[in-house]
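Visitor: Model the structure of this input:
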Amino acid sequence: MPGADYAWSKPSVSALKSAGEVFVAQYDSLDQAKNLTPARAHDLLAAGIKIVLVYEYGAQDMLKGRSGGELNAQHADNTARACHVPGIPVYFAADWDATPQQQGLIDDYLRGCATVIGLKRVGMYGGYWPLSRARAAGLATYFWGTPAWSGAMWSTSGFVPDIMQGAMATIGGVQCDLDAGLHENYGQYPLAATPPSPATWGDWISKGHSSLLDISKATGMGCSTILRATVQKYGPFDDVTAAYINGVFGGTTPPSAKIPSGARLWVRR
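Guide: Sure thing, here's the model as predicted:
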């Protein structure tokens, strides 16, 4: 599911809708200027845009341990109630290259969060290593990965986070981070009606028989979501895929044209 996150500057709801964003991630913090507000939450949900909530005031707030987690989780829960999104999961941010030696404080912070809002609502944002350690310890339910500080681990480890952060883009004049929700439930409000189910991802190697629209119909993924997931998985498009995409968006190749053999896409089946 395509989404975006942003802080102090906020795109208009109409611009987000036009950009095809299914969800947006907004903040709770001690800085009211970047926080989700009741009016903003109402407008997003009225437009059919789902909400993800992330708590971050200081980049290294998780080093405050259990008491810090309890305090921040209570603040986030108060904001969720005020914004009429009660029970929404909350991603708590580890926005630095956390070391193994710091994991003990991070784990205690997450335990503190869970005592206030319950483990089922605790999420964590960060690089591969602190997220994988917290996941192994069973201290969070939702995971939002960033390519930062992660090397190639997201593409090689088999750990598929609930949300993956990607490149930056300008939406409605505001620079935003692009995100992808990779499971049916990724911490959004409202959650999907059905229970979360692991996504099965894999390569789609073109044999010259399918257009991007054909692949979209076969996988149930939007064309933009397929392209975004492919870039997040592999980096820049290979030459075959890039030439095809440039032709389609440049108007020299019809959208119904088949992708030449050898192009590689990353899709959910």
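
Visitor: center of this protein, which residue is that?
Guide: In the chain, the centroid-proximal residue (Cα atoms, centre = their mean) is Ile163; its distance is 3.1 Å.

Visitor: which residue ranges form the strands in the stretch 51-200 of the chain?
Guide: 90-93, 122-126, 142-145, 163-171, 174-181 (DSSP state E, counting those that start in this stretch).

Visitor: Okay, now the unreliable bits of the chain?
Guide: 193-199, 269 (pLDDT under 70).

Visitor: Show the residue spans covered by the helices in it.
Guide: Residue ranges of the helices in the chain, as given by DSSP state H, are 13-18, 38-46, 65-82, 103-117, 128-136, 153-156, 212-219, 223-234, 239-250.

Visitor: Nearest approach to Trp266 belongs to which of those helices?
Guide: Among the helices of the chain, the nearest to Trp266 by Cβ to Cβ is helix 223-234 (4.0 Å). All C-beta atoms are positioned from the backbone trio N, CA, C, and that covers glycine.

Visitor: got a list of contacts for that closest one?
Guide: 1-2, 20, 147, 154-155, 164, 166-167, 178, 180, 182, 201, 212-213, 215-216, 219, 221, 237, 241, 245, 264-268 (Cβ atoms under 8 Å, 6 or more residues apart in numbering).

Visitor: and the closest residue to Ala114 other than its chain neighbours, how many neighbours?
Guide: In space, Ala114 comes closest to Val122 once its chain neighbours are excluded; the distance is 5.2 Å by Cβ to Cβ, 6 or more residues apart in numbering. Using other Cβ atoms under 10 Å, the number of residues around Val122 comes to 26.

Visitor: oh, and call the first residue 18 from now on, that's how I've got it
Guide: New numbering, starting at 18: the last item is Val139.

Visitor: shouldn't Val139 be in contact with Leu127?
Guide: Yes. Under the criterion of Cβ atoms under 8 Å, Val139 makes contact with Leu127 at 6.0 Å.

Visitor: How much space separates Asp60 from Gln192?
Guide: To Gln192, Asp60 is 21 Å away according to Cβ to Cβ, to the nearest Å.

Visitor: Compare the two (neighbour count), which wins?
Guide: Set side by side, Asp60 and Gln192 show more neighbours around Asp60, with 15 against 11, by other Cβ under 10 Å.

Visitor: hang on, the earlier thing: which among the contacts of helix 240-251 end up buried?
Guide: Buried by 16 or more other Cβ atoms under 10 Å: 18-19, 164, 171, 181, 183, 195, 197, 199, 229, 232-233, 238, 254, 258, 262, 281-285, out of the contacts of helix 240-251.

Visitor: Break this protein into its domains for me.
Guide: According to automatic domain parsing, the chain is divided into the following domains: 19-198, 218-285.

Visitor: Pick the most deeply packed of those.
Guide: Looking across the domains of the chain with neighbours counted as mean count of other Cβ atoms under 10 Å, the highest average goes to domain 19-198: a mean of 19.

Visitor: Next, the contact list for the nearest residue to Asp94 once chain neighbours are set aside, please.
Guide: The shortest distance from Asp94 to any non-neighbouring residue, by Cβ to Cβ, 6+ apart, is to Ile134 (5.4 Å). Ile134 is in contact with 90, 93-94, 107, counting by Cβ under 8 Å, 6+ apart.

Visitor: Adding distance to Thr270, write these out as a markdown table.
Guide: Listed next are those as a markdown table, based on distance: Cβ to Cβ, whole Å:
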| residue | distance to Thr270 |
| --- | --- |
| Ala90 | 51 |
| Ala93 | 47 |
| Asp94 | 50 |
| Val107 | 44 |
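
Visitor: which stretch among the helices of the chain comes nearest Tyr44?
Guide: The closest of the helices of the chain to Tyr44 is helix 82-99. By Cβ to Cβ, the value is 9.1 Å.
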